[in-house]
Structure formats: structure tokens, C-alpha cells
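Undergrad: Fold the following, please.
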Amino acid sequence: MDLSNILIAPVVTEKSTSAQTARKYIFRVHLNANKVQIAHAVEAGYGSKVESVNIIPVGKKVRLAGRGRVITKRPAYKKAIVTLEPKQTLDFNKVKAVK
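TA: So this is what the prediction gives:
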């Protein structure tokens, strides 16, 4: 899998922003990506050393909406919590070109 396709987008919420003080950054990643590929993609894309990666699979959501009881689906995705080594930081706005 190409490194540029592994990291989809950073997750920017109140909880993820407060986790950045503990050197933890949350990304939405490709469904088939594993921990090693995610670590390589972060190191290549942002130039920061990765200490550990935790993965959270989020299942698809099926719900009923409206009076017609129409079923709408939200696709499944994966979140990765990336912990950086001490004294390392990561800026979402500065992404290097990943080959």
C-alpha cells in the first residue's frame, strides 16, 4: 500500500486536541492499514519519530431517519492514536511530500 493513501485526515475534536499535550495525535486511516504502515506514514509525512500506534476500528452505522423510516448508512473506518517520542511535536499544516 502506498504511504500517501494510509493517512486520510487528522481528527480534530476537543478530546483529540487535549490529547496532544500528552504527545498523542489522532488520525483517520485506511481500513487495510496496519500499525507498522501507519508509523512509517507519520514519520515520512511529518518527520516525527513515533513511539507507539493504537488502532480503533469504528463499525458502520445503520440508523432510521425521517417519517419514511429510510435506512441510512455511515461507512466503517479506522482511527489511529499515534504517540510520539519525547520532545517530538507534529504540525498538521506542515505535511511533507510522501512518495
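Undergrad: going forward, measure contacts between C-alpha atoms and count neighbours the same way
TA: Noted.
Undergrad: chain center to stretch 65-83: distance?
TA: 16 Å (Cα atoms, centre = their mean, to the nearest Å).
Undergrad: actually stretch 52-61, not the one I typed
TA: Chain-centre distance of stretch 52-61: 9 Å, with Cα atoms, centre = their mean.
Undergrad: Give me the distance between the spatially most central residue of the chain and residue 34.
TA: Among the residues of the chain, residue 27 comes closest to the average C-alpha position under Cα atoms, centre = their mean, at 1.6 Å. For residue 27, the distance to residue 34 equals 13 Å [Cα to Cα, to the nearest Å].
Undergrad: ditto for residue 19
TA: Using Cα to Cα, we find residue 19 at a distance of 22 Å from residue 34.
Undergrad: What segments of the protein are strands?
TA: Secondary structure of the chain by DSSP state E: the strands cover 7-10, 24-29, 50-58, 61-65, 70-74, 77-84.
Undergrad: Give the burial count for residue 64, as a bare number.
TA: For residue 64, the neighbour count with other Cα atoms under 10 Å is 11.
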